[in-house]
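Colleague: Return a 3D structure for these sequence lines:
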Amino acid sequence: MYDELTEIDIKKMKEELEYRITKVRPAILEDVKFARSHGDLSENAEYHAAKRERGKNESRIRYLRNMIKTAVIIDSTSDDDTVGLFDTVTYYVEEDDCEEQVKIVTMLRRDPFKRIISKESPLGSALMGKKVGDRVCVNIDNGYSYYIVIRNIEKGEDDASLEIRKF
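Modeller: Below is the predicted model of the structure:
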């Protein structure tokens, strides 16, 4: 499966990749060399910490390269009256008798703690393409589902203000 990302997602990943290769990697290699110079490697905590950091950085580099290589670039525009990427949606949860709000983004920039969800999430996929007034069934794993009613759509755009996820 390919990740659907925007041009800005790809740009942000390329910037991070360049930074990790040109700045972080050389700094970590220096740390490893310095720690190695302290002698006995079996009891050298500095050396093991530096090696661990090198592994994390190399893992992130591989992840970014793979994401850039396999991503499918999508257009983030949508009709004015339908839910699309980067829109903020206010909806009414019938079961809980409350209103909630979420922003819909790509998988790479989601942050559920800030109510920023991916379009691939159960709620995000249920909302995409819907209009104000639509009653939508949100299907969750294990056969559980609930209904919501879309109350408002605030159109947004991919302005690069949302950071891409780290590890």
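Colleague: where in this structure is pLDDT low?
Modeller: Residue ranges of the chain with pLDDT under 70: 1-2, 39-42, 167.
Colleague: Could you identify the longest strand within it?
Modeller: strand 145-154 (DSSP state E).
Colleague: Can you list the buried residues in it?
Modeller: Within strand 145-154, the residues that count as buried by 16 or more other C-beta atoms under 10 Å are Tyr146, Ile148, Ile150, Ile153. In this view, the C-beta of every residue, glycine as well, is placed from N, C-alpha and C.
Colleague: Could you break this structure into its assigned domains?
Modeller: The chain breaks down by automatic domain parsing into domains covering 4-73, 88-154.
Colleague: Would you map the helices across the chain?
Modeller: 7-19, 25-36, 45-70, 122-127 (DSSP state H).
Colleague: Quickly note the distance from the closest residue to Ile68 other than its chain neighbours to Asp3.
Modeller: Nearest in space to Ile68, with sequence neighbours left out and distances taken as C-beta to C-beta, 6 or more residues apart in numbering, is Met13 at 5.5 Å. Going from Met13 to Asp3 by C-beta to C-beta, to the nearest Å gives 10 Å.
Colleague: Need the residues touching each of the two.
Modeller: Met67, Leu108 (C-beta atoms under 8 Å, 6 or more residues apart in numbering).
Colleague: When these two are compared, which one has more neighbours?
Modeller: Met13 (19 against 16; other C-beta atoms under 10 Å).
Colleague: so what's that one up against?
Modeller: Applying C-beta under 8 Å, 6+ apart, the residues near Met13 are Leu64, Met67, Ile68, Leu108, Ile164.
Colleague: Now restrict those to buried residues only.
Modeller: Leu64, Met67, Leu108, Ile164.
Colleague: Tell me if I'm right that the second one and Glu4 touch.
Modeller: The reference is to Met67. No - using C-beta atoms under 8 Å, Met67 is not in contact with Glu4, being 11.3 Å away.
Colleague: Mind putting the domains of the chain into CSV with distance to Ala160?
Modeller: Converted to CSV, the domains of the chain look like this (distance: least, C-beta to C-beta, whole Å):
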stretch, distance to Ala160
domain 4-73, 5
domain 88-154, 10
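Colleague: Of those domains, which is nearest Asp80?
Modeller: domain 88-154 (8.6 Å; C-beta to C-beta).
Colleague: Quick one: end-to-end length of that closest one, please.
Modeller: This stretch, domain 88-154, spans 5 Å end to end (C-alpha to C-alpha, to the nearest Å).
Colleague: So what's the gap between that domain and the chain middle?
Modeller: Average the C-alpha atoms of domain 88-154, do the same for its chain, and the two points are 17 Å apart (C-alpha atoms, centre = their mean, to the nearest Å).
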